[in-house]
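Visitor: turn this into a structure:
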Amino acid sequence: MPVEIKELLVRGVVNKSPSDSNVDIINTVREQIESYNFSLTTAEKNEIIKECILEFKSLLDRKSNF
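Guide: Coordinates of the predicted model:
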């Protein structure tokens, strides 16, 4: 059964800051996401596709054996 997360609270220490008021966690996360390179090479894309196909075939094999 799928689960839907309506609200996620994350608490932690950012750069050893002693209090929550010293850090804007939303801006920190945004900065990290913006600085991350999400692009994939063609080889990486092909590897992901191959893994998905293999997993799908495995799922079909399991379902057909029941």
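Visitor: for Ser58, give its distance to Asn65.
Guide: With distances taken as CB to CB, to the nearest Å, Ser58 is found 11 Å from Asn65. Placement of C-beta: from N, CA and C, glycine included.
Visitor: more crowded one of these two?
Guide: Ser58 (10 against 6; other CB atoms under 10 Å).
Visitor: stretch 56-66: how far from the chain's middle?
Guide: Relative to the centre of its chain, stretch 56-66 is centred 26 Å away, using CA atoms, centre = their mean, to the nearest Å.
Visitor: I meant to write stretch 46-61 there.
Guide: Taking mean C-alpha positions (CA atoms, centre = their mean), stretch 46-61 and its chain are 19 Å apart.
Visitor: list of residues touching it?
Guide: For stretch 46-61, contacts defined as CB atoms under 8 Å, 6 or more residues apart in numbering pick out Leu40.
Visitor: how about 6 Å then?
Guide: Residues outside stretch 46-61 that contact it (CB atoms under 6 Å, 6 or more residues apart in numbering): none are found.
Visitor: for burial, what's the neighbour tally of Glu7?
Guide: 4.
Visitor: for this protein, longest helix please?
Guide: Of all segments of type helix in the chain, defined using DSSP state H, the longest is helix 42-64.
Visitor: quick one: mean pLDDT for that one?
Guide: What helix 42-64 shows for mean pLDDT is 90.
Visitor: next, give phi and psi for Phe38.
Guide: Backbone geometry at Phe38, expressed as degrees, to the nearest 10, gives phi -90, psi 0.
Visitor: can you offset everything so residue one is 144?
Guide: Noted, 144 is the first residue going forward, which turns the last one into Phe181.
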